[in-house]
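**Student:** Quick check, what structure comes out for this input:
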Amino acid sequence: MTLIQIERRVKALEQTVHRLAQGKPSVSRKWYRSHAGRFAGDPVFDEIVKLGRTYRKAQRPTPGSKRA
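**Tutor:** Numbers count the residues shown, from 1 in each chain. You can find the predicted model right below:
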């Protein structure tokens, strides 16, 4: 690693430490907005959702059954 690379890394670390010391969050409070729709149209994800729904439905009590 060259001296210039080390200096750049140290400078980046110093900036990160400074930002953390100020208490500023490094992640946006609304991070989820950048991820919304990430799996839209993905057939594998659609299958995951379908299987999850089927499993949750199977866990519900049926009408007339008695659960302790």
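**Student:** Near Ala36, how many other residues are there?
**Tutor:** When neighbours are counted by other C-beta atoms under 10 Å, Ala36 registers 9. For the C-beta atoms, the positions are set from N, CA and C on the backbone; glycine is no exception.
**Student:** Need the three-state assignment for it.
**Tutor:** Per DSSP: H, G, I helix; E, B strand; the rest coil, the secondary structure class of Ala36 is coil.
**Student:** Please state the backbone phi and psi of it?
**Tutor:** Here is the backbone geometry of Ala36 (degrees, to the nearest 10): phi -60, psi 130.
**Student:** average model confidence for stretch 16-28?
**Tutor:** Mean pLDDT, stretch 16-28: 80.
**Student:** repeat for stretch 49-58
**Tutor:** Mean predicted lDDT for stretch 49-58 stands at 96.
**Student:** List the buried residues for that stretch?
**Tutor:** When burial is assessed from 16 or more other C-beta atoms under 10 Å, stretch 49-58 yields no buried residues.
**Student:** What lies in contact with that stretch?
**Tutor:** Among residues not part of stretch 49-58, none is counted as a contact by C-beta atoms under 8 Å, 6 or more residues apart in numbering.
**Student:** Lys57 and Lys50, how far apart?
**Tutor:** Distance, Lys57 to Lys50, using C-beta to C-beta, to the nearest Å: 11 Å.
**Student:** Select the longest helix from this protein.
**Tutor:** Longest helix in the chain by number of residues, with DSSP state H as the criterion: helix 3-22.
**Student:** For that helix, output the C-alpha coordinates as CSV.
**Tutor:** Extracted in CSV, the C-alpha atoms of helix 3-22 (Å, rounded to 0.1, in the frame of the first residue of the first chain):
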residue,chain,number,x,y,z
LEU,A,3,1.7,6.4,1.3
ILE,A,4,-0.9,8.2,-0.7
GLN,A,5,-3.4,5.3,-0.3
ILE,A,6,-2.8,5.3,3.4
GLU,A,7,-3.3,9.0,3.7
ARG,A,8,-6.6,8.7,1.8
ARG,A,9,-7.8,5.9,4.1
VAL,A,10,-6.8,7.9,7.2
LYS,A,11,-8.6,11.0,5.9
ALA,A,12,-11.8,8.9,5.2
LEU,A,13,-11.6,7.5,8.7
GLU,A,14,-11.1,10.9,10.3
GLN,A,15,-14.2,12.2,8.5
THR,A,16,-16.2,9.2,9.6
VAL,A,17,-15.1,9.7,13.2
HIS,A,18,-15.9,13.4,13.0
ARG,A,19,-19.4,12.7,11.7
LEU,A,20,-20.0,10.0,14.4
ALA,A,21,-18.8,12.4,17.1
GLN,A,22,-21.4,15.0,15.9
